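Novice: Pasted the sequence and its predicted model underneath.
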Amino acid sequence: MDHQPTQLLNAAPARSPDVELVGVTKRFGGVVAVDALELAVQPGEFLSLLGPSGCGKTTTLRLVAGFERPDEGEIRIGGADVSGLPAYKRDVNTVFQSYALFPHLNVGENVAYGLKQRGLGRKERRARATEMLELVQLSGFDARKPKQLSGGQQQRVALARALVMQPRVLLLDEPLGALDLKVRRELQIELKRIQGEIGITFVYVTHDQEEALAMSDRVAVMHAGRIVQLGAPREIYDRPATRFVADFIGETNFIRQAGEIVAVRPEHVRLTRTEPAAEGAMGARVVTTMVVGSAVQCVVRTDDGQEVLVREQRARGEAGAESLGEGDRVFVSWASEEALELEMEVA
């Protein structure tokens, strides 16, 4: 009789993805919004769908939420096909950019509203709402009305209202888009902390690349209804798979040189007043110099008419790019290993 290895006998069964899209297509008339999409979101993962307007990211989220039905393919949550189920029968909850709070209810009642619909008693509703408000750092705000809160506080209430239902998956549709920059960055940190603390799966839609790269375990970059690259933030930024990804994520110079196009991030371009010994250096003139916080950005125009963006950290006591002015003669170069490996044809 054959014996299986002990480690195989004792191994715990692998969990199904919390969200799985298998060949999902969605059309609106003659427009294909989502095109044969394949995606698996693992339990406890923070995954962002990132892309420009019209790429299909919000439609994908609405398909998972049950607000849209796929024309083809399957949507699975926890391994079960939910493609034909309405939104209220799916083990998900959604947070939108608009807070959608009930103005006539106080904060505690807003958070507990879904629990009341489920028939939970007042004592349990209040206890769970209090716990969620503590999680989103709004303890003591129970009796306030939404109009007495800032935009960031209202979004925290909306988040608590979604989390109190204990969904398997939380869907977030550009939830920070209506907030100013400082509040948005504070809530990015809070969302990541909350997600790590409670351990449920987050699927997050945004067009803000910095937001997606800062918060996510993985990022799915979408274009024309498809995922063109899926990977960890570092991988997406350092090793973009296509010219579209390189151009959309961060900033990239596409420089014609010796009959080819070289893709180089601005922070990897070197700027010197004297011609370096490195092969491939290009002469240029400074167009403009800008100080952006702790960094300096220079736009230079090469001798053959190309504009190149250069970014470097400001350095105290050193000349650097900050000392350059319009019309100054410079040279641009980069290490060969810093060029992105993309298949591109000369336009």
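Specialist: Looks like it came in fine. Residues are numbered from 1 along each chain as shown.
Novice: How about the secondary structure of the spatially closest residue to V269 that is not a sequence neighbour?
Specialist: Spatially, and ignoring its direct neighbours in sequence, V269 is nearest to V310 (4.6 Å; CB to CB, 6 or more residues apart in numbering). C-beta coordinates here come from the backbone N, C-alpha and C atoms, glycine included. State at V310, reduced to three classes by DSSP: H, G, I helix; E, B strand; the rest coil: strand.
Novice: now the one 5 residues further on
Specialist: Applying three-state DSSP to A315 yields a three-state assignment of coil.
Novice: returning to what we had before: any figure for the gap between the residue nearest to V269 and R301?
Specialist: Distance from V310 to R301, counting by CB to CB, to the nearest Å: 12 Å.
Novice: just E197 next, same as before
Specialist: According to CB to CB, E197 and R301 sit 50 Å apart.
Novice: cool, P175 as well?
Specialist: 41 Å.
Novice: How about L21?
Specialist: 46 Å.
Novice: Show me where the stretch 1-150 of the chain dips below the pLDDT cut-off.
Specialist: Scanning the stretch 1-150 of the chain for pLDDT under 70 picks out the ranges 1-14.
Novice: one more time with 50
Specialist: Along the stretch 1-150 of the chain, the parts satisfying pLDDT under 50 run over 1, 6, 8.
Novice: nearest residue to P17 other than its sequence neighbours?
Specialist: Nearest non-adjacent residue to P17, counting by CB to CB, 6+ apart: A40, 4.1 Å away.
Novice: what's the longest helix in the protein?
Specialist: Identified as the longest helix of the chain according to DSSP state H is helix 181-198.
Novice: Averaged pLDDT, that helix. What do you get?
Specialist: Averaged across helix 181-198, pLDDT comes to 91.
Novice: Give the buried residues for it.
Specialist: 183-184, 187-188, 190-192, 194-195 (16 or more other CB atoms under 10 Å).
Novice: For it, name the packing helices and strands.
Specialist: Packing partners of helix 181-198 (3 or more CB pairs under 8 Å, 6 or more residues apart in numbering; DSSP states H and E): helix 122-135, helix 151-163, helix 209-215.
Novice: Centre of the chain to it, how far?
Specialist: 13 Å (CA atoms, centre = their mean, to the nearest Å).
Novice: quick one, what contacts D18?
Specialist: By CB atoms under 8 Å, 6 or more residues apart in numbering, the contact set of D18 is 41-45, 77-78, 168-169, 201.
Novice: rerun that using 10 Å as the cut-off
Specialist: By CB atoms under 10 Å, 6 or more residues apart in numbering, D18 lies in contact with 40-45, 47, 76-79, 91-92, 167-169, 200-203.
Novice: now swap in I198 and tell me
Specialist: Applying CB under 10 Å, 6+ apart to I198 gives the contacts 44, 132, 135, 163, 166, 170.
Novice: Ok, G121 next?
Specialist: Counting by CB under 10 Å, 6+ apart, G121 has contacts 115, 127.
Novice: Repeat that for the one 3 residues further on.
Specialist: If a contact means CB under 10 Å, 6+ apart, then E124 has 112, 115 as its contacts.
Novice: just G108 next, same as before
Specialist: 125-126, 129-130, 132-133, 138, 141-144, 157, 160.
Novice: and what of E326?
Specialist: Shown in contact with E326 (CB under 10 Å, 6+ apart): 285-289, 299.
Novice: Quick one, which of those are buried?
Specialist: Burial by neighbour count, 16+ other CB under 10 Å: within those this picks out 286, 289, 299.
Novice: now the end-to-end length of stretch 163-175.
Specialist: The first and final residues of stretch 163-175 sit 14 Å from each other (CA to CA, to the nearest Å).
Novice: buried stuff in it?
Specialist: 163-165, 167, 169-175.
Novice: Where strands are concerned, which of these count?
Specialist: 169-173 (DSSP state E).
Novice: Out of the residues you listed, the closest to R234 would be?
Specialist: The closest of these to R234 turns out to be L172 (CB to CB; 22.1 Å).
Novice: does the closest one have beta-bridge partners, and which?
Specialist: In this entry, L172 is beta-bridged to V95, Y204, by DSSP bridges.
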